[in-house]
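Peer 1: Fold the following and give me the result.
(chains A and B)
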Amino acid sequence: GAGVSQSPRYKVAKRGQDVALRCDPISGHVSLFWYQQALGQGPEFLTYFQNEAQLDKSGLPSDRFFAERPEGSVSTLKIQRTQQEDSAVYLCASFWAPGAEAFFGQGTRLTVV
Amino acid sequence: DAKTTQPTSMDCAEGRAANLPCNHSTISGNEYVYWYRQIHSQGPQYIIHGLKNNETNEMASLIITEDRKSSTLILPHATLRDTAVYYCIVSDLYNQGGKLIFGQGTELSVKP
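Peer 2: Purely as a prediction, here's the structure:
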């Protein structure tokens, strides 16, 4: 595709519900990142994949957050038992190689009610 | 934690040059300076990056001081569409897998 695609664009979840956010990176991009952006703040790093390997998950805020990229392309960020503090925009970015320009998706705005 | 310091906000008149400063006094020899911007409700967009030499592309120029402790992003002829939050990031991406650590950025308002 032409860019990084994220779906859904908007998600409203009831507290305690599980959600899954999808990221389709640019074809051929090896590296994929997830970020969380609270209102009025800069994006905060969550986790990083190189192909299917999750090389860094130090930014995941709790064990309710889980990410996967099983075939080295599409990635899913799953949040279990959502809490109000999980409300944020979740951004996905892909690079063709470390050090190259990062391409970001439009993000998924998650609102937990 | 972000390793850069930027002003919280700046204004610029349309058609004039916008000069956005960034301090990165603890930058190490392998770290590059990257600039991204984020227009409201969109994902961040890459602008430019450099190591020690000044860089220019179709969007902007990046001026890095000789001691590399600070830099300036220059938008030569700002337009209303350049209104955004601008992030200055230093990173050794080749050894950190491409991880970008964002700070608060500078909110640039371009006014008619």
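
Peer 1: For the closest residue to A:Phe65 other than its chain neighbours, give me the pLDDT.
Peer 2: Closest residue to A:Phe65 apart from its sequence neighbours, by C-beta to C-beta, 6 or more residues apart in numbering or on different chains: A:Ile79 at 5.6 Å. C-betas here are computed from N, CA, C, even on glycine. According to the prediction, A:Ile79 has pLDDT 98.

Peer 1: Please apply the same query to B:Asn95.
Peer 2: So B:Asn95 comes in at 68 (pLDDT).

Peer 1: now do B:Tyr32
Peer 2: B:Tyr32 is given a pLDDT of 91.

Peer 1: that older thread, the residue nearest to A:Phe65 contacts A:Val19, doesn't it?
Peer 2: Yes. Counting by C-beta atoms under 8 Å, A:Ile79 touches A:Val19, with 5.1 Å between them.

Peer 1: Identify the contacts common to the two.
Peer 2: Common neighbours of A:Ile79 and A:Val19, using C-beta atoms under 8 Å, 6 or more residues apart in numbering or on different chains, are A:Leu110.

Peer 1: Just want to know which of these two has more residues nearby.
Peer 2: More crowded of A:Ile79 and A:Val19, by other C-beta atoms under 10 Å in any protein chain shown: A:Ile79, with 25 against 18.

Peer 1: Can you tell me the SS state at the residue in chain B that chain A sits nearest to?
Peer 2: Using C-beta to the nearest C-beta, the closest approach of chain B to chain A is made by B:Gly43 at 3.1 Å. Here B:Gly43 is recorded as coil under DSSP: H, G, I helix; E, B strand; the rest coil.

Peer 1: Surely B:Thr106 is in contact with B:Ala84?
Peer 2: No. B:Thr106 is not in contact with B:Ala84 according to C-beta under 8 Å; the separation is 9.3 Å.

Peer 1: Return the residues in contact with residue 34.
Peer 2: You didn't pick a chain, so chain A it is. A:23, A:46-48, A:67, A:75, A:77, A:90-92.

Peer 1: should've been chain B
Peer 2: B:46, B:48-49, B:88-91, B:93, B:100.

Peer 1: Next, format the residues you listed as a markdown table and append secondary structure, neighbour count and distance to chain A.
Peer 2: Conversion of those to a markdown table gives the following (DSSP: H, G, I helix; E, B strand; the rest coil; neighbours: other C-beta atoms under 10 Å in any protein chain shown; distance: C-beta to the nearest C-beta, whole Å):
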| residue | secondary structure | neighbour count | distance to chain A |
| --- | --- | --- | --- |
| B:Tyr46 | strand | 19 | 4 |
| B:Ile48 | strand | 19 | 9 |
| B:His49 | strand | 20 | 8 |
| B:Cys88 | strand | 28 | 11 |
| B:Ile89 | strand | 25 | 9 |
| B:Val90 | strand | 22 | 13 |
| B:Ser91 | strand | 22 | 9 |
| B:Leu93 | helix | 23 | 4 |
| B:Leu100 | coil | 23 | 6 |
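
Peer 1: quick one: least confident of those residues?
Peer 2: Ranking the contacts of B:Tyr34 by pLDDT, B:Leu93 lands last with 69.

Peer 1: ok, A:Lys57 - how many residues close by?
Peer 2: Around A:Lys57 there are 15 residues (other C-beta under 10 Å).
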